[in-house]
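In: Generate a structure from the sequence data that follows.
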Amino acid sequence: MKVLQAYRILLVIFLPLTNATSIAIPKYAQEGCNDMCGNVRIPYPFGIGSSCSVNKWYTIDCNSSTPYLSALNLEVVGVDLENQTISVNMQKLSACSQTTKSVDLASSPFLYSKSHNKFVVEGCGNGVILGDHGSVLTGCSTTCSNHTTTNTAVTIYTNNTCFGINCCETTIPHYLNSYSMFLTGLGRLDGDRACGSAFLVDKNSYDEIRKSVQGARVMEVVTVVMKGHMTLMAYLTNGTSLVVIPIQLEMMVMAQ
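Out: Numbering: from 1, shown residues only. Down below sits the predicted model:
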């Protein structure tokens, strides 16, 4: 007669440090590594130099006290391990110089954070984001104000609204890591350097700029928040110790 026997085994699961774990998240660099570049703290798994990061994607170059994400050549303005985000500066797509721009993070462990970023078009026209296969992912349209001034670029930032007149905004899709951005029918605004533009931007920083005195200055660079996801393979690449969470499972085995 065949007998079912239950065996209790210990399954050890290695997990990265995420919001799902209750284990304290380290706030500083590895031992022997500098954790500051200028005014920006660089916590592990990021690191200043390849020997201090978990792998090439998390390597930071500290150039004249300014941190750059080495693999993507993006200036870093902040790292938040608890939210698994890294804030970087990116150039806007400006109609003064071009009407298309492609961004590809597909080979990296980063995504554009839907909860932190939005898509903004400034000027008079249309802006869209296309996916890898040419499908429209998001976009919005603007119209020119009937009360334009000789410096509409200033008006864009000081009216504190972005609902279709000289400026529009919309959400971005989940899991966005590569896209092409297009500007169509976007006319040049009045005023010096006042070209229409489109960009992804951190919601909080953009809204604050629009409300501040600095809003009168035409921004060429905006802050974008990228979401990082550490994988088991990423940790093993550097032979780093992982968080170990034991889970007990029961396995039913058929005995003869």
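
In: and whichever helix or strand G125 is part of, which strands flank it?
Out: Using DSSP states H and E, G125 maps to strand 124-130. Within its sheet, strand 124-130 is paired with strand 136-141 (antiparallel), strand 178-187 (antiparallel), according to DSSP bridges.

In: buried residues in the last one?
Out: Pointing back at strand 178-187 there. 179-183, 186 (16 or more other C-beta atoms under 10 Å). Every residue, glycine included, has its C-beta placed from N, CA and C.

In: Now do the helix or strand following that strand: which elements does it pack against?
Out: Counting by DSSP H and E, the next helix or strand C-terminal to strand 178-187 is strand 197-202. With contacts taken as 3 or more C-beta pairs under 8 Å, 6 or more residues apart in numbering; DSSP states H and E, strand 197-202 sits against strand 85-91, strand 93-94, strand 117-122, strand 178-187, strand 221-228.

In: and those strands, which one's lowest on average pLDDT?
Out: Per-stretch mean pLDDT for the helices and strands packed on strand 197-202 is lowest at strand 178-187 (a mean of 79).

In: other SSEs contacting the strand or helix carrying S102?
Out: Per DSSP H and E: S102 is located in strand 100-104. Applying 3+ C-beta pairs under 8 Å, 6+ apart, one finds that strand 100-104 makes contact with strand 178-187.

In: Could you export the strands paired with strand 124-130 as TSV, including distance to N89?
Out: Listed next are the strands paired with strand 124-130 as TSV, based on distance: least, C-beta to C-beta, whole Å:
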stretch	distance to N89
strand 136-141	22
strand 178-187	17
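
In: any idea which of the buried residues of strand 178-187 is the one closest to Q98?
Out: L183 (8.4 Å; C-beta to C-beta).

In: what is the closest one paired to in the beta sheet?
Out: G127.

In: Quick check: it touching N126?
Out: Yes - the pair L183 / N126 is scored as a contact, 7.3 Å apart, by C-beta atoms under 8 Å.

In: picking that back up, minimum distance to K203: which of the helices and strands packed on strand 197-202 has it?
Out: Using C-beta to C-beta, the nearest of these to K203 is strand 117-122, at 5.2 Å.

In: mind exporting that closest one as CSV, just the C-alpha atoms?
Out: Only the C-alpha atoms of strand 117-122 are listed here, as CSV (Å, rounded to 0.1, in the frame of the first residue of the first chain):
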residue,chain,number,x,y,z
ASN,A,117,6.5,61.7,-12.2
LYS,A,118,4.2,63.3,-14.7
PHE,A,119,4.4,64.2,-18.4
VAL,A,120,4.3,68.0,-19.1
VAL,A,121,4.1,69.9,-22.3
GLU,A,122,4.8,73.7,-22.3
